[in-house]
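>>> when you get a sec, could you give me coordinates for this:
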Amino acid sequence: MDRLKGVPALLLALVAPWSNAGEVRAHFRVTATVTERAHLEVLEEPATVTVTDADLQRGYAEATAQYEVRQNLARGYLLRLSPRLGFDAPVRVTGLGSAVELGASGVEVHRVGDPPLHRLFLAYRFSVDPAIVRPGTYRWPVHVEAVPL
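Numbers count the residues shown, from 1 in each chain. Presented below is the predicted three-dimensional model:
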């Protein structure tokens, strides 16, 4: 019991200096840099497009694809569609608000920045000329990417 007599006095000695102390304030500034990004993930895109005799008679072949774009850009981003080497026929792309025509030089479509996640469901109509294209299976002819503004 005698050993505990000094404990309250010790606690009072430790607490006492702060009990009468004035308020102390500190200010500091925190800054952070957020790297702008636009990342496109292919959810569903065929590896190939098949052209049939019926497609040649009709003048086009069709396919669909799904993409997801995650971005943090207030100004938005560019969705860039470009033909792969060896494919120079026009491609009509729908699902971006209005239809766009993808030619030999490609096309860029401005997309708004909000919300941070965009799901894109695109339909492609590939023009096929029977004088140039034969029935068969061809490598997917369109490259799609999201580019920060």
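>>> please enumerate the strands of the chain.
Ranges of strands in the chain, per DSSP state E, are 38-44, 48-51, 60-71, 77-83, 91-94, 100-102, 107-111, 117-127, 136-139, 142-148.
>>> in the third one, what's buried?
Going back to what we said before, that points to strand 60-71. With burial defined by 16 or more other C-beta atoms under 10 Å, the residues of strand 60-71 counted as buried are 60, 61, 63, 65, 67, 69, 71. No exception for glycine: its C-beta is placed from N, CA and C like everyone else's.
>>> ok, residue 146 - contacts?
By C-beta atoms under 8 Å, 6 or more residues apart in numbering, the contact set of residue 146 is 38, 39, 40, 69, 71, 77, 78, 79, 80, 111.
>>> ok, and the most crowded of these?
Most neighbours among the contacts of residue 146, by other C-beta atoms under 10 Å: residue 77, with 26 neighbours.
>>> who does that one form a beta bridge with?
Taking DSSP bridges as the rule, residue 77 bridges to residue 111, residue 148.
>>> I'd like the buried residues of strand 60-71 laid out as CSV, including distance to residue 128.
Formatted as CSV, the buried residues of strand 60-71 follow (distance: C-beta to C-beta, whole Å):
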residue, distance to residue 128
60, 6
61, 6
63, 12
65, 18
67, 24
69, 29
71, 34
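>>> between those, which sits nearest residue 92?
residue 60 (8.0 Å; C-beta to C-beta).
>>> low-confidence ranges in this protein?
Counting by pLDDT under 70, the chain contains low-confidence residues at 1-21, 86-88.
>>> find the residue at the geometric middle of it.
Compute the mean C-alpha point of the chain, and by C-alpha atoms, centre = their mean the closest residue is residue 69, 2.4 Å away.
>>> and that residue, how close does it get to residue 101?
21 Å (C-beta to C-beta, to the nearest Å).
>>> over to residue 74?
Residue 74 sits 29 Å away from residue 101, going by C-beta to C-beta.
>>> next one: residue 133
In this view, residue 133 and residue 101 are 18 Å apart by C-beta to C-beta.
>>> what of residue 40?
In terms of C-beta to C-beta, residue 40 sits 21 Å off from residue 101.
>>> now residue 41
Distance of residue 41 to residue 101, given as C-beta to C-beta: 25 Å.
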